[in-house]
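Visitor: Build me a structure from this.
(chains A and B)
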Amino acid sequence: MDRDTLLGATRWSGRAMAALHIAWRNVTGERRRWAVSTVALGVAAMLVIFLEGTSRWITSSSTAYVDHTGSQLIVAQRGIDDFLFAQSAFPEATMAQVSHLSGVAAVSPVVGVNGVVSVRGTHLPVYLVGFNSGQPGGPWKLDAGSKQPHGSEVVLDRGFARVAGVHIGDSLTLFGHKLRIVGTSAETDAAGDFFLFVPLDVAESIGGVGTVSYGLVWLQPGASARDVTSQIDQLPGVHAVARQQVAANDHAMITTSFAQPVQVLAVVGLIAGVLIAGIVLYTAAVEHSRDYSVLKAIGAGAGIVYGSALLQSIVLSVFGVLLGWALATGLSAAFDAWDPVVESRLDLDLVAAVSALIVAVNLLAALLPVRQVSRVDPQEVFKA
Amino acid sequence: MSVVVAHGLTKTFGAGVGAVTAVNDVDLSVNAGEVLLLIGPSGSGKTTLLSMLGGLLRPTRGSVWIGGRLLAADPLQLARQRLGTIGFVFQTFNLLPAFSAVENVALPLRLMGVPGRTARQRAAEILEALGLRERLSGSPRTLSGGEKQRVSLARALVADPLLLLADEPTASLDTKAGRDAMDILSSSARRGRQACLVVTHDTRLADFADRVLQIEDGRIFSR
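Guide: Okay, the predicted model is just below:
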């Protein structure tokens, strides 16, 4: 193979592959350091991914009940626009009036009682929902048993049942009422506030006989939500809010109260990850400075030298993110099995976004080692 | 035909009363197929001269032509010029530890953009010619000093450069390995019509040279 044949085969893509090859070898050449670096980055990535997943679970679970009612409007005590954190109350008879309004197809009253219950010595935050069996407003996803309580029956969130150590068929006393467990529901844990479902009259006896908290309203086909809202607003002591607006208000409230602190922790994890990445990459650049001086002396262009340093960062980050994703998935599954109070929703879009952010931030962290590489003197090759 | 020509080459480090002139007004040329030995003690300026000839150090004054082309001032062009025309051999071999022997040799070709398979094929050919057929995939850590220097020589020769620059190529080797290395270097240069400049403090290497020059205090003398 002569010189002309060799040089005739040169390509831009060949140089890019050379940069990638150098980066790959620098990362994987020393397996112990590669493993330590990947684990360090992976743990940081796991922390960020898991906490972001927890943040998403907090916000999405907080609106799960309202989202699943499927109603277009929610009637509440005038001045109250929220569901989870507010204590709305108005006469049950108002719902009969709402049902007769023009454009209303159906209504379903619900009673919501916030509180803390003690079961076998464990104090648990609960949101007791009273609804008419057979009508909307109850649990939407059954875990086990029945999702329609009658008489002195209750359907518990499965997390509550697990933490409290109770099972279907057991009886327990809630707000002074002895109730028999007939079912457990899934996805009814609003950021640690367990939903319990009882017949409407049981909830009314706790919250106030003849008083309901909210009214779910479905419109007739073609009916104007604005017109119906306007009519409801004319009724004494109540007003109508679009279901999406109630969900948005709860979402904003839970974000401020719970999700933001978790996101602050995630940012701390991200900063830790960046520092780890920066130290790992800087150390690698320093340790490989002799190699970079050889590359420069032989005639490697700036594109290959800096490109390989940046690619090194990307390769390490990708390994770290993949490991972090796997660890976060494992941790999420472990939390789900061990402690149903806290969950982490690792949706693909969330993981992809967080992973891209981690890689991007690690690239910024790589600027320091790239600067180090840029300062390497090719004359170092002559030092013994 | 002169492959490398240096004219009035001078390098001064520092300024004012503390200034040190490491290389002083050197004129030099090496022809194709010629092996030139530059002998001098430590601190004589031989590595500084080699660095300037190889485009790794900018001279304070003077100029260097390789293959009839002035060394470029632009760093990127200079790097390309080095890659395409100069092969370096170092005292400490300077093999990349994360690369196998064949990958180290293929490196200059990869940097030129030659596809990996073609580059490795050419690198394997030259390593086999140097008696390292069994060591192609060996890590530099597992190679003996003599084997490392042969890999280093193969890397310098793989792209068939116009000029070979060797800095104390036998200093880290025993006598036999050192003579083997010089034999490879000189015979390759003569066969390939490459100009070869070897700087050393070892006068025993004169046997391999076509011409020997002495460097002292940055000035060159004929021996």
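
Visitor: who does the helix or strand hosting B:Glu128 touch, helix- and strand-wise?
Guide: Per DSSP states H and E: B:Glu128 is located in helix B:116-129. Other elements packing on helix B:116-129 under the criterion 3 or more Cβ pairs under 8 Å, 6 or more residues apart in numbering or on different chains; DSSP states H and E are helix A:12-28, helix B:101-112, helix B:145-157. C-beta coordinates here come from the backbone N, C-alpha and C atoms, glycine included.

Visitor: quick one, what contacts the residue most central in space within chain B?
Guide: Taking Cα atoms, centre = their mean as the criterion, B:Leu165 is the residue nearest the geometric centre of chain B, at 2.0 Å. B:Leu165 is in contact with B:Leu50, B:Leu53, B:Gly54, B:Ile86, B:Gly87, B:Phe88, B:Val89, B:Leu197, counting by Cβ atoms under 8 Å, 6 or more residues apart in numbering or on different chains.

Visitor: Who is the last one paired with across the strands?
Guide: Partner residues in beta bridges with B:Leu197, using DSSP bridges, are B:Leu36, B:Leu165.

Visitor: That one - how many residues pack around it?
Guide: Neighbour count of B:Leu197, defined by other Cβ atoms under 10 Å in any protein chain shown: 26.

Visitor: Please, where are all the helices along chain B?
Guide: Ranges of helices in chain B, per DSSP state H, are B:46-53, B:75-85, B:101-112, B:116-129, B:145-157, B:175-191.

Visitor: what about the last one and chain A, any contact?
Guide: By that I understand helix B:175-191. No - shown here: helix B:175-191 not in contact with chain A (Cβ under 8 Å from any Cβ of the partner chain), separated by at least 13.4 Å.

Visitor: Hmm, A:Leu331 and A:Val43 touching each other?
Guide: No - taking contacts as Cβ atoms under 8 Å, A:Val43 lies outside contact range of A:Leu331: 10.5 Å.

Visitor: quick one on the thing from earlier: how about the helices and strands packed on helix B:116-129 in CSV, adding mean neighbour count and mean pLDDT?
Guide: Formatted as CSV, these follow (neighbours: other Cβ atoms under 10 Å in any protein chain shown; pLDDT from 0 to 100):
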stretch, mean neighbour count, mean pLDDT
helix A:12-28, 19, 82
helix B:101-112, 26, 94
helix B:145-157, 24, 93
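
Visitor: right, so of the ones you listed, which gets closest to B:Arg58?
Guide: Taking Cβ to Cβ, helix B:101-112 is the member of these nearest to B:Arg58, at 21.6 Å.

Visitor: how much does the closest one deviate in direction from helix A:12-28?
Guide: 140 degrees (axes from the mean of the first three to the mean of the last three Cα atoms, to 10 degrees).

Visitor: could you give the angle of helix B:101-112 to helix B:145-157?
Guide: Using the same axes, to 10 degrees: helix B:101-112 against helix B:145-157 is 20 degrees.

Visitor: Could the C-alpha coordinates of helix B:101-112 be exported in PDB?
Guide: Output in PDB follows, covering the C-alpha atoms of helix B:101-112 (Å, rounded to 0.1, in the frame of the first residue of the first chain):
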ATOM      1  CA  ALA B 101       0.300  -1.800  19.200                       C
ATOM      2  CA  VAL B 102      -1.500  -1.900  15.800                       C
ATOM      3  CA  GLU B 103      -3.800   1.000  16.800                       C
ATOM      4  CA  ASN B 104      -0.800   3.100  17.900                       C
ATOM      5  CA  VAL B 105       0.800   2.500  14.500                       C
ATOM      6  CA  ALA B 106      -2.400   3.200  12.700                       C
ATOM      7  CA  LEU B 107      -2.900   6.500  14.500                       C
ATOM      8  CA  PRO B 108      -1.200   8.900  12.000                       C
ATOM      9  CA  LEU B 109      -3.300   7.400   9.200                       C
ATOM     10  CA  ARG B 110      -6.500   7.700  11.300                       C
ATOM     11  CA  LEU B 111      -5.700  11.300  12.000                       C
ATOM     12  CA  MET B 112      -5.300  11.900   8.300                       C
END
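
Visitor: thinking again about what came up before, of all the helices of chain B, which one comes closest to A:Arg180?
Guide: helix B:116-129 (72.2 Å).

Visitor: Can you name the residue of the stretch 1-150 of chain A nearest to chain B?
Guide: A:Gly29 (2.6 Å; Cβ to the nearest Cβ).

Visitor: what's the burial count for the residue lying closest to that residue once chain neighbours are set aside?
Guide: Distance criterion Cβ to Cβ, 6 or more residues apart in numbering or on different chains; nearest residue to A:Gly29, sequence neighbours excluded, is B:Ala98 at 2.6 Å. Neighbourhood size, B:Ala98 [other Cβ under 10 Å]: 19.

Visitor: how near is B:Ala98 to B:Ile184?
Guide: 25 Å (Cβ to Cβ, to the nearest Å).

Visitor: One more: B:Ala119?
Guide: 21 Å.

Visitor: got it, and A:Ser61?
Guide: 73 Å.

Visitor: Likewise for B:Leu153?
Guide: Taking Cβ to Cβ, one finds B:Leu153 at 5 Å from B:Ile184.

Visitor: Could you tell me how many residues sit around the closest residue to chain B within the stretch 201-350 of chain A?
Guide: The stretch 201-350 of chain A approaches chain B most closely through A:Gly299 (2.7 Å), counting by Cβ to the nearest Cβ. Other residues near A:Gly299 come to 25 when the count uses other Cβ under 10 Å.

Visitor: how about the strands of the stretch 51-200 of chain A, start to end?
Guide: Along the stretch 51-200 of chain A, counting by DSSP state E, counting those that start in this stretch, strands occupy A:73-77, A:90-91, A:104-119, A:122-131, A:142-145, A:153-157, A:171-174, A:177-185, A:189-190, A:193-199.

Visitor: can you pull the buried residues of the fourth one?
Guide: Pointing back at strand A:122-131 there. Under the neighbour-count criterion of 16 or more other Cβ atoms under 10 Å in any protein chain shown, strand A:122-131 has A:Leu124, A:Val126, A:Tyr127, A:Leu128, A:Val129, A:Gly130, A:Phe131 buried.

Visitor: which intervals of the stretch 201-350 of chain A have sub-threshold pLDDT?
Guide: Scanning the stretch 201-350 of chain A with the threshold set as pLDDT under 70 gives A:339-340.

Visitor: Do a quick rundown of the helices in it.
Guide: For the stretch 201-350 of chain A, the helices defined by DSSP state H, counting those that start in this stretch occupy A:225-234, A:243-254, A:260-287, A:289-298, A:302-338, A:348-365.

Visitor: OK, contacts around the closest residue to B:Ser42 other than its chain neighbours?
Guide: Take B:Ser42 and drop its neighbours on the chain: the residue closest to it by Cβ to Cβ, 6+ apart is B:His201, 6.8 Å away. Residues near B:His201 by Cβ under 8 Å, 6+ apart: B:Ile39, B:Gly40, B:Pro41, B:Ser42, B:Glu168, B:Ala171.
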